[in-house]
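Chemist: The sequence and its predicted three-dimensional model are supplied below.
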Amino acid sequence: MCSAAREAAAAAAEARAAMHRAGRVPALPPQPGAAAHHTEVAAPARHACLLLVGRSQRHAAPAGLLVMETGRRQRWMVPGGYVDRGDDDAAHAAFREMGEELLGLGKRAAAAQARHLLAQARHTGVLRGPFVSADGSHHAFAVLADGLVGSGGGIDGALEAFVRNRECAAAALVPLSDGDGRQRAARCFGDGLPDRPLRNGLGERRVASALAMIRGQSPWGGATAGSWGPGRVLGGANALEGGRSVDSRDING
């Protein structure tokens with residue numbers, strides 16, 4: 001293991017220990033090989049996004065969760081946005097944006113929730129990425145919804161937890177197996193409507209990695225009984241703060 005990987009593993013272990021001391025993360029055995037899927041990169045990130053994925057029980061197929069931006073264009077996108085000064089790193093920013101755009105959390109509440117869920121994802125080995133754009137400015141991630149302990153219902157539960165907010169007007173599940181991640185339109189499960197326009201592609205490398213993760217999901221990695229609702233994962237802190245429009249540029253690499 002290289003020095004950078006050892007340092008990353010040590011930092012992740014310390015984060016887990018801190019969460020355990022706070023009584024917020026259940027003690028779970030780390031998934032074998034989990035560290036191999038979390039790679040720190042030197043390039044500074046300006047934007048980050050997080051694709052929630054999983055096998056939809058409702059549709060019996062691998063699915064990804066997208067949100068629809070508010071405003072006139074109403075394009076669909078992966079939750080994401082700018083890496084802010086208060087974010088710990090690009091992964092933390094991606095999880096924070098997911099909390100804001102999917103659950104309708106205010107910025108502070110979303111940041112706190114992001115640290116909690118990111119620690120779980122790294123501990124259980126269900127985080128993939130970063131998949132970095134050519135110029136290093138955008139970091140894309142994928143996370144298996146079933147691996148976020150206490151967020152019951154998996155990818156279907158995540159969709160049901162959507163709260164309309166100033167940034168996003170709707171959420172939907174899209175089939176991951178329909179394309180290779182480079183297409184700029186996607187159909188949503190179950191509605192029979194034409195394909196939705198995407199702000200950007202889901203990312204070829206990210207989709208391939210997500211599908212491999214879903215198909216190789218370990219039996220113990222499923223979520224425990226619970227709910228994706230903010231009251232479950234964050235003690236009910238879901239007050240809206242000033243929303244903003246962000247560019248969640250995804251990559252096609």
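Modeler: Nice, thanks for sending it over.
Chemist: all contacts plus neighbour counts: C-alpha atoms, from now on.
Modeler: OK.
Chemist: contact partners of the one helix or strand A91 maps to?
Modeler: Counting by DSSP states H and E, the element that carries A91 is helix 90-103. Contacts made with helix 90-103 from outside it, assessed by C-alpha atoms under 8 Å, 6 or more residues apart in numbering, are listed as 45-50, 67, 79-84, 87, 105-107, 110-115, 117-118, 130, 139-141, 161-165, 167-168, 171, 229-230, 238.
Chemist: Kindly write the ChimeraX command that selects the buried subset of the residues you listed.
Modeler: Listed next is the ChimeraX selection for buried residues among those, using 16 or more other C-alpha atoms under 10 Å:
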select :45,47,48,49,50,67,79,80,81,82,83,87,105,106,107,110,111,112,113,114,115,117,118,130,139,140,141,161,162,163,164,165,167,168,171,229,230,238
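Chemist: Just the ones in strands from the contacts of helix 90-103, please.
Modeler: 47-50, 67, 80-82, 130, 139-141, 168, 171 (DSSP state E).
Chemist: Let me know the average pLDDT across the helix holding A91.
Modeler: In this model, helix 90-103 has a mean pLDDT of 96.
Chemist: do the same with stretch 196-207
Modeler: Stretch 196-207 comes out at a mean pLDDT of 84.
Chemist: Dump that stretch to PDB, keeping only the CA atoms.
Modeler: The C-alpha trace of stretch 196-207 is given here as PDB (Å, rounded to 0.1, in the frame of the first residue of the first chain):
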ATOM      1  CA  ARG A 196     -35.900  13.200 -20.400                       C
ATOM      2  CA  PRO A 197     -33.100  15.600 -21.400                       C
ATOM      3  CA  LEU A 198     -30.000  15.300 -19.100                       C
ATOM      4  CA  ARG A 199     -27.900  18.300 -18.100                       C
ATOM      5  CA  ASN A 200     -24.900  16.000 -18.600                       C
ATOM      6  CA  GLY A 201     -24.200  12.400 -19.100                       C
ATOM      7  CA  LEU A 202     -24.000  10.000 -16.100                       C
ATOM      8  CA  GLY A 203     -20.400   9.100 -16.900                       C
ATOM      9  CA  GLU A 204     -19.200   6.000 -18.700                       C
ATOM     10  CA  ARG A 205     -16.700   4.900 -16.000                       C
ATOM     11  CA  ARG A 206     -19.200   5.700 -13.200                       C
ATOM     12  CA  VAL A 207     -22.000   3.700 -14.700                       C
END
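Chemist: what sits up against it?
Modeler: 75-78, 128-129, 131, 140-142, 176, 180-188, 249-253.
Chemist: Can you name the residues that contact L118?
Modeler: A91, H92, F95 are the contacts of L118 under C-alpha under 8 Å, 6+ apart.
Chemist: Neighbours of the second one, how many?
Modeler: Right, the one you point to is H92. Counted with other C-alpha atoms under 10 Å, the neighbours of H92 add up to 27.
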